[in-house]
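Novice: sequence and predicted structure, then a few things I'm wondering about:
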Amino acid sequence: MSNIIILGAQWGDEGKGKLVDLLADRFDYVVRYQGGHNAGHTILIGERKFVLRLIPSGILRPGKTAVIGNGLVIDPLALLEEIEQLDAAGVDVANQLRISNRAHVLTPSHRLVEKITECKLAIGTTLRGIGPGYEDKAARRGIRIADLLDRAYFPDALAQLVADHRTRARAFGLDEEIDVSEIGERYAQAAERIRPLVCDTVRLLHDAMAAGKNLLFEGAQGTMLDLDHGSYPFVTSSSASAGGACTGAGVPPTKIDGVIGISKAYTTRVGGGPFPSEALDEMGDLIRRRGNEFGSVTGRPRRCGWFDVPVLRYAAAINGFDTMVLTKLDVMDELAEIPVCVGYRIDGVEVRDVPPTWRELARAEPVYEVLPGWRSSTKGISEWAELPSAAERYISFLEEQTGVEAGCISTGPERNETVLRAGSRFAALTA
């Protein structure tokens, strides 16, 4: 067994939650390393549906340790709500969840500050304060979980931070009343509830590796939303790529044995920003309906389009994908033809790479190759030999174009609706 990173290869919502849940029984620790409660992972187990925003999906596997790493920003009240939902479902949160004492804390005033960014850039954020939380972290004025647990320090730190946020907001004509005493009391209560779960997770993970335990690292969002490598500025505020696992969990690169990329059989995006292969016709609507492409946290309809080879190839280079998981293949079952974006035409010039500026990406015209569809159901298929021949050809074409094997195919939301490809790098990494 190995220490593996699982992350999104597109603009998020690729189906990471299902894969983490599927593989978690093969690992001892499942570690979330970046993001906040703006991204949800939906897992279906029989008739039960779980939407996890902060807590790693692996907590749904009894006996596994789920770790919230130092790279996250945490709204304590949102975290507590999630814990209570899992407790009610019979999950042993007290014994399975651990929270980094170095993760940063979000306050209600972070949401106020985020409205400034949305007024200026219209990125399409969830307005949960994630970006401003990371801004405060980078500006060295943030509050960490260890500070939240310090009863003598936290009240004054909270009051100072909220005052700073309101001053900034008023400069842009925004403000709202925030009862610091009331928020402080609620956060103090939340602090006592989570205190037994908080620890030095860097030490926890290093001790686990020293004892021969296996770690699965779970990212939020996707590579194209990475702060450094995504379609800037229409990105998230943290490192959603593989490098973020090392900084966001405190584990060195030398301890990582493999990286698995997750990609849909098509492409989706939420919020603003360029999307060259977006289908702005009835085909996009069809994909949205069949794929149930609505945000698990916000309910917002996702923008839908065709598979984008340059994006996947770019993500594979940045992250070093050993293999990829292709999800929602069954969504394509009704299509007679399936376009695949294999490059772009920008200002009359064909290019194969993702351009550095959002302006160039917005001008990019997709260059398509059209493959035949299979017009038969792949829903629930769990054996490679049962896939329609046209579906096999589609998968092989994506492998050839991206240079990454498709070692696992998802044909539905349930755990058993999965094709594990024998002899693949995916099989070797997760055996």
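Specialist: Everything's here; your move.

Novice: and for Pro355, the neighbour number?
Specialist: Using other CB atoms under 10 Å, Pro355 has 18 other residues around it. Heads up, the C-betas are built off the backbone N, CA and C, glycines and all.

Novice: that one touches Ala364, doesn't it?
Specialist: Yes. The pair Pro355 / Ala364 is scored as a contact, 6.9 Å apart, by CB atoms under 8 Å.

Novice: shared neighbours of these two, anything?
Specialist: Shared contacts of Pro355 and Ala364, defined by CB atoms under 8 Å, 6 or more residues apart in numbering, are found at 344, 346.

Novice: mean confidence (pLDDT) on stretch 85-92, please.
Specialist: The average of the pLDDT scores along stretch 85-92 is 91.

Novice: quick one: distance of that stretch to the chain centre.
Specialist: 23 Å (CA atoms, centre = their mean, to the nearest Å).

Novice: A helix includes Ala317, no?
Specialist: Yes. Judged by DSSP: H, G, I helix; E, B strand; the rest coil, Ala317 forms part of a helix.

Novice: distance of it relative to Val311?
Specialist: Going from Ala317 to Val311 by CB to CB, to the nearest Å gives 11 Å.

Novice: those two - which one has more neighbours?
Specialist: Between Ala317 and Val311, counting by other CB under 10 Å, Val311 is the more crowded of the two (25 against 15).

Novice: let me see the domain layout of the protein.
Specialist: Split into domains by automatic domain parsing, the chain comes to 4-100+199-255, 105-193, 262-430.

Novice: tell me the most buried of those domains?
Specialist: Burial of the domains of the chain is given as mean neighbour count (mean count of other CB atoms under 10 Å); domain 4-100+199-255 ranks first at a mean of 21.

Novice: what ranges do the helices span in the stretch 201-350 of the chain?
Specialist: Ranges of helices in the stretch 201-350 of the chain, per DSSP state H, counting those that start in this stretch, are 201-210, 243-249, 282-291, 309-319.

Novice: those helices: which one's closest to Trp11?
Specialist: Nearest to Trp11 among the helices of the stretch 201-350 of the chain is helix 309-319 (8.2 Å), distances taken as CB to CB.

Novice: on the three-state scheme, Ser377 is what?
Specialist: Ser377 is classified as coil under three-state DSSP.

Novice: per-residue pLDDT, it?
Specialist: Reported pLDDT for Ser377: 96.

Novice: which ones are touching it?
Specialist: Contacts of Ser377 by CB under 8 Å, 6+ apart are 330, 333.

Novice: repeat that for 6 Å
Specialist: Shown in contact with Ser377 (CB atoms under 6 Å, 6 or more residues apart in numbering): Asp333.

Novice: can you show me the helices along the stretch 51-200 of the chain?
Specialist: Counting by DSSP H, counting those that start in this stretch, the helices of the stretch 51-200 of the chain are 76-88, 93-96, 108-121, 130-138, 145-148, 154-171, 180-194.

Novice: turn those into a markdown table, including distance to Leu326.
Specialist: As requested, those are arranged in a markdown table below (distance: least, CB to CB, whole Å):
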| stretch | distance to Leu326 |
| --- | --- |
| helix 76-88 | 29 |
| helix 93-96 | 30 |
| helix 108-121 | 33 |
| helix 130-138 | 28 |
| helix 145-148 | 37 |
| helix 154-171 | 42 |
| helix 180-194 | 37 |
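
Novice: of all those, which lies closest to Asp285?
Specialist: helix 108-121 (26.4 Å).

Novice: quick one: list the elements packing against that closest one.
Specialist: The elements that helix 108-121 packs onto, with contact taken as 3 or more CB pairs under 6 Å, 6 or more residues apart in numbering; DSSP states H and E, are helix 130-138, helix 154-171.

Novice: got the CA positions of it in CSV?
Specialist: Presented in CSV, the C-alpha positions along helix 108-121 are these (Å, rounded to 0.1, in the frame of the first residue of the first chain):
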residue,chain,number,x,y,z
PRO,A,108,-19.0,36.0,10.0
SER,A,109,-17.1,39.2,9.0
HIS,A,110,-15.1,37.2,6.5
ARG,A,111,-18.4,36.8,4.5
LEU,A,112,-18.8,40.6,4.6
VAL,A,113,-15.4,41.1,3.2
GLU,A,114,-16.0,38.6,0.4
LYS,A,115,-18.8,40.8,-0.9
ILE,A,116,-16.2,43.4,-1.8
THR,A,117,-14.5,40.9,-4.1
GLU,A,118,-17.7,39.8,-5.7
CYS,A,119,-18.7,43.5,-6.3
LYS,A,120,-15.4,44.1,-8.1
LEU,A,121,-14.7,40.8,-10.0
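
Novice: Tyr314 is in contact with Pro355, isn't it?
Specialist: No. When contacts are counted by CB atoms under 6 Å, Tyr314 is not listed as touching Pro355 (10.2 Å).

Novice: so for the nearest residue to Arg186 once chain neighbours are set aside, what pLDDT did the model give?
Specialist: Once flanking residues are discounted, Arg186 sits nearest to Leu77: 6.4 Å by CB to CB, 6 or more residues apart in numbering. With respect to pLDDT, Leu77 has a value of 95.

Novice: pull the distance from stretch 86-97 to the chain's centre.
Specialist: Its chain's C-alpha centre and that of stretch 86-97 lie 22 Å apart, by CA atoms, centre = their mean.

Novice: what's the answer for stretch 322-334, then?
Specialist: The chain centre lies 17 Å from the centre of stretch 322-334; the measure is CA atoms, centre = their mean.

Novice: who's in contact with it?
Specialist: The contact list for stretch 322-334 (CB under 6 Å, 6+ apart) reads 14-15, 19, 258-265, 290-291, 338, 377-379, 404-412, 425-426.

Novice: can we see that at 7 Å?
Specialist: By CB atoms under 7 Å, 6 or more residues apart in numbering, the surrounding residues in contact with stretch 322-334 are 9, 14-15, 19, 258-266, 287, 290-291, 338, 373-379, 391, 395, 404-412, 424-426, 429.

Novice: again with stretch 145-161
Specialist: With contact meaning CB under 7 Å, 6+ apart, stretch 145-161 is reached by 74, 76, 99-103, 105, 107, 109, 141, 143, 180, 183-184, 187, 191, 195, 198.

Novice: many thanks, I have nothing further to ask.
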